[in-house]
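next one to model:
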Amino acid sequence: MSDKNREGKRTARERLAEERERQRSRDKRKRTVIVAASIVAVLGIAAGIGIALGNAGDGDTGTDAAGPVVVPSGANGDDGPAIPVGEDTAKSTLVVWEDFRCPACKNFELQYRDTVNSLVAGGKLRVQYHLATIIDNGMGGSGSLRSANAAACAQDAGKFPAYHDVLFENQPPESEDAFARNSRLIDLAGKVEGLDTPAFRTCVEDGTHDSWVAKSQEAFEKAGLTGTPTVLLDGKNIFADTNDPMTPEELKAQVEKAATA
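Here you go, the predicted structure:
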């Protein structure tokens, strides 16, 4: 490998490591705010208990305010909600936790996507995409939720992989919650052949899969994960060593080795 290529590889690693470290710092600040807010909330809850008890008999059906969990077509809907891409017979599995508002996730996609897509197309790799909403939780807004719901709607139409890539290619700056606008998400669907249909538009505008996305975020938190992207190849975190993460070339080599074993 030439000195120029080594420098390029190092720089790409550093960018991804720096982005993940910024994400960890944001998550830490978010947890501090949540603890403070929880103290205030406890006082409010105590004051509201009498009201809640007084209204208990007023016809509440017990339905979740966010609505029922509607699992996207072909997706996993149990404890680890995920959208699978690739053949069930693939010997290697890549588990990817992503947020469409997350800059580090975009960096991961730009660096690894061609390799991952090639391995999937060759039947050697199966990917489980888990959609998270940590940027909404940390910075406010609803773009993570809205875009994840739209991606789940694309899964219903059999267009998830292409729309997933379009969302990252058109990711707005982290501070701009452009994905909160359903009109923007529908416009981007126009970049995927056959996706912009009345059914897709209704799914996006109604938030059909919002509760499913919320369940995915809940699974993310229960798993004790600290940031996105979190990427596991056959259970091994490819970014466990942020100074020397697994490169796309190394990922490809491991997957191809497993495929011939």
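
C-alpha only now, for contacts and for neighbours.
Fine.

and the strands in the chain?
83-85, 92-98, 125-131, 230-233, 236-237 (DSSP state E).

any idea which of those is most buried?
Most buried of these by mean neighbour count (mean count of other Cα atoms under 10 Å) is strand 125-131; its value is a mean of 24.

sheet partners, orientation included, of that one?
Within its sheet, and counting by DSSP bridges, strand 125-131 is paired with strand 83-85 (antiparallel), strand 92-98 (parallel).

other residues contacting the shortest one?
Spelled out, it's strand 83-85. For strand 83-85, contacts defined as Cα atoms under 8 Å, 6 or more residues apart in numbering pick out 72, 74-76, 120, 126-130, 152, 155, 161.

try the longest one
Contact partners of strand 92-98, identified using Cα under 8 Å, 6+ apart, comprise 105, 124-132, 220, 228-235, 255, 258-259.

average pLDDT across it?
The pLDDT scores in strand 92-98 average 98.

go on, the first one?
Strand 83-85 carries an average pLDDT of 98.

ok, now stretch 69-79?
So the average pLDDT for stretch 69-79 ends up being 88.

in it, what's buried?
When burial is assessed from 16 or more other Cα atoms under 10 Å, stretch 69-79 yields the following buried residues: 69, 71, 72, 75, 76, 77.

so what touches stretch 182-189?
By Cα under 8 Å, 6+ apart, stretch 182-189 touches 146-147, 150, 163, 166-167, 178-179, 195-196, 201, 204-205.

give me every residue that touches the residue lying closest to residue 106 once chain neighbours are set aside.
Nearest residue to residue 106, sequence neighbours excluded (Cα to Cα, 6 or more residues apart in numbering): residue 168, at 5.6 Å. Residues near residue 168 by Cα under 8 Å, 6+ apart: 100, 106, 109.
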